[in-house]
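*Asks:* Quick one, what's the 3D model for this:
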Amino acid sequence: MRLTRKAEYAIRAVLYMSSKKPKTKIMAKEISKNMSIPRQFLAQVMLSLSRNGYVRAIRGAKGGFILAKRPSSINLLNVIEDIEGKLFLNECLISSDLCKCHLVCPVSDYWTDAQKALLRELKKATFSSMVKKGKAKRKFTSQLSNSEVCCKAIYTG
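*Replies:* Numbering: from 1, shown residues only. All right, here's what the predicted structure looks like:
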């Protein structure tokens, strides 16, 4: 299992917006610059986030985006699954019909337990908690160059 760039960029965009005061209008170029997301890709990401109700788009020359939900009500699991679809560590977890030896497979129980643990942790990871963790870790960013910190705005904001 590996996240696509689109999911990674969606997480970065929501994380950046979550670090701002509620109802703050944010320009796409600000998100792009601060979170190292290519502008052309950010448009696709923001469209998906808007369609899934995470952000609200404001049109026009003075437009931008506003986070549509409280960061405490948005978790990693929801954003990932809304961008990529259901998350599975292995095909046999999608449906027992896909695996002929599901009932006797010695690995099946481990896959199931690992899947449950992953989903539980991703569901527990709210964007408000990630912003708090980012601010707590800011002391470590001085050891890295600007190019090595994709989310520097979270640490310093």
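
*Asks:* how about low-confidence regions in this structure?
*Replies:* 1, 96, 136-157 (pLDDT under 70).

*Asks:* any idea which helix is longest in it?
*Replies:* Using DSSP state H, we find that the single longest helix of the chain is helix 108-124.

*Asks:* Give me the contact list for it.
*Replies:* If you take C-beta atoms under 8 Å, 6 or more residues apart in numbering as the criterion, helix 108-124 is touched by 75-78, 80, 87-90, 92-93, 99, 102. Where C-beta positions appear, they are placed from N, C-alpha and C, glycine not excepted.

*Asks:* and what of stretch 88-103?
*Replies:* In contact with stretch 88-103 (C-beta under 8 Å, 6+ apart) are residues Met1, Lys86, Cys105, Ser108, Trp111, Thr112, Ala114, Gln115, Leu118.

*Asks:* How about stretch 47-61?
*Replies:* By C-beta under 8 Å, 6+ apart, stretch 47-61 touches 6, 10, 13-14, 17, 25, 46, 63-69, 74, 79, 82-83.

*Asks:* same check, this time on stretch 22-36
*Replies:* Looking at what lies outside stretch 22-36 - C-beta under 8 Å, 6+ apart - the contacts are 9, 12-13, 15-17, 20, 37-39, 42-43, 46, 58, 63-67, 70, 150-153.

*Asks:* Can I have the buried ones of those residues as a ChimeraX selection?
*Replies:* Here is the ChimeraX selection string for the buried members of the contacts of stretch 22-36, based on 16 or more other C-beta atoms under 10 Å:
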select :9,12,13,15,16,17,20,37,42,46,64,65,67,151,152,153
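
*Asks:* Any quick ChimeraX command for the buried ones out of the contacts of helix 108-124?
*Replies:* Buried residues within these, by 16+ other C-beta under 10 Å, are selected in ChimeraX with:
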select :75,76,77,78,80,87,90,92,93,99
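
*Asks:* mind putting the contacts of helix 108-124 in CSV, secondary structure included?
*Replies:* Listed next are the contacts of helix 108-124 as CSV, based on DSSP: H, G, I helix; E, B strand; the rest coil:
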residue, secondary structure
Asn75, strand
Leu76, helix
Leu77, helix
Asn78, helix
Ile80, helix
Leu87, coil
Phe88, coil
Leu89, coil
Asn90, coil
Cys92, helix
Leu93, helix
Cys99, coil
His102, coil
